[in-house]
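**Student:** got a sequence here, can you build the structure:
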Amino acid sequence: MASAPVPAPVPAAEPAPSTAPPPAVQVAPPKPALPPKEESRALPRDLTAGARRLLSEAVPRIAAQAEPELSRVLSTAAFAYQPAQARLVADAADGPWPSESASLPPNELPASYARGLHAEARRALAAGRGIADVVELEMQAFAANPRDPEIAGYLAYLHLRMRPARPEVARELAVHAIVFSGSRRSARIADWATFAIASALTGRDDDARRAYLVQATLTDDVDWTCRSALRAYAAYGEPVRVPVQAMLQRIHAQRRAFDAPACAWPPFQNASSGAQAMY
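**Tutor:** Reported below is the predicted structural model:
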């Protein structure tokens, strides 16, 4: 008997094409650049340590190197009795100083980073933060760019605001700021005032008097200068009395006090309490 035909194998059905999307490739997102405020939290320990080294080593060395140029400016101001002699003081201040080429530790941070920390410190002081916190921020800014005179000058001012004040450090930092201001030294009126106050508080009366004469000679705002000096007297007392009085006498002798109410004579009658915000 004939065998039954074997049925042909039924081909397996092809699987229906999947409608699901292919799995996405997992790519790690790029790490965003840290904004300045977060960067300041990432590096504070290194920057603060660097600032302390600068204050103990580089800043005193540069201040000592600048003594000849600084003395020339102070001496010129002492004998600048006439307003026309202001040009002589400005020329002595703004000329090239060998000390401005002094070596400093290498720094790889951008100048904008240091200025960001500086702005943060200024905001912190305006917001009423403790002076220690503000000094810490400005120390970091200084370590990030020790050649920035704005930062060095503000750090000098903050050392006068500390309790107790640290006038020796403030004096050296004020000189540092003046040195690295280059051809704009005659415009850095606040730094000359800081130097004057710090000199008075450290017993360098002659430097304090002559530095106030530099300020009086070079200022474009006599009223502000008198007000600042009187408030320095209100804040720091007798150590700054004679230097401030010498400055006021010079302004009156030059007949530049007519439109400056704060320069009214006798001196000290308009002094108000509290330290002058020089920056």
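**Student:** next, the contact list for Ile189, please.
**Tutor:** Residues in contact with Ile189 (CB atoms under 8 Å, 6 or more residues apart in numbering) are Gln215, Leu218, Thr219, Thr225. For every residue, glycine as well, the C-beta is placed using N, CA and C.
**Student:** thought the third one was touching Ser228?
**Tutor:** When you say that, I think you mean Thr219. No. Taking contacts as CB atoms under 8 Å, Thr219 lies outside contact range of Ser228: 9.3 Å.
**Student:** lowest confidence element among the helices and strands of this protein?
**Tutor:** Least confident helix or strand of the chain, by mean pLDDT, DSSP states H and E, is helix 36-42 with a mean of 49.
**Student:** so which bits of the helix or strand just after that helix are buried?
**Tutor:** Note on helix 36-42: by DSSP states H and E, the next helix or strand toward the C-terminus is helix 44-53. Residues of helix 44-53 classed as buried: Pro44, Leu47, Thr48, Gly50, Ala51 (neighbour count, 16 or more other CB atoms under 10 Å).
**Student:** would JSON lines of the residues you listed with pLDDT and distance to Ala156 be doable?
**Tutor:** What follows is the buried residues of helix 44-53, written out as JSON lines (pLDDT from 0 to 100; distance: CB to CB, whole Å):
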{"residue": "Pro44", "pLDDT": "70", "distance to Ala156": "21"}
{"residue": "Leu47", "pLDDT": "93", "distance to Ala156": "18"}
{"residue": "Thr48", "pLDDT": "92", "distance to Ala156": "17"}
{"residue": "Gly50", "pLDDT": "93", "distance to Ala156": "18"}
{"residue": "Ala51", "pLDDT": "95", "distance to Ala156": "13"}
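**Student:** going along the chain, name the helices of this structure.
**Tutor:** Assigned by DSSP state H, the helices in the chain fall at 36-42, 44-53, 59-65, 67-78, 86-94, 111-126, 131-144, 149-161, 167-179, 189-201, 205-218, 222-236, 241-253.
**Student:** of those, which shows the lowest average pLDDT?
**Tutor:** Here the lowest mean pLDDT among the helices of the chain goes to helix 36-42, at a mean of 49.
**Student:** the nearest residue to Arg256 once chain neighbours are set aside: neighbour count?
**Tutor:** Distances taken as CB to CB, 6 or more residues apart in numbering put Val222 closest to Arg256, at 5.3 Å, once the chain neighbours are dropped. By other CB atoms under 10 Å, 18 other residues sit near Val222.
**Student:** now the one 4 residues further on
**Tutor:** If you count neighbours by other CB under 10 Å, Cys226 ends up with 25.
**Student:** again with Pro83
**Tutor:** Pro83: 12 surrounding residues under other CB under 10 Å.
**Student:** what's the nearest residue to it if we skip its chain neighbours?
**Tutor:** In space, Pro83 comes closest to Gln254 once its chain neighbours are excluded; the distance is 5.2 Å by CB to CB, 6+ apart.
**Student:** contact partners for that neighbour?
**Tutor:** Tyr81, Gln82, Pro83.
**Student:** you'd agree the last one is up against Ile251?
**Tutor:** No. Under the criterion of CB under 8 Å, Pro83 is not in contact with Ile251, lying 10.0 Å apart.
**Student:** right, I'll call it a day here.
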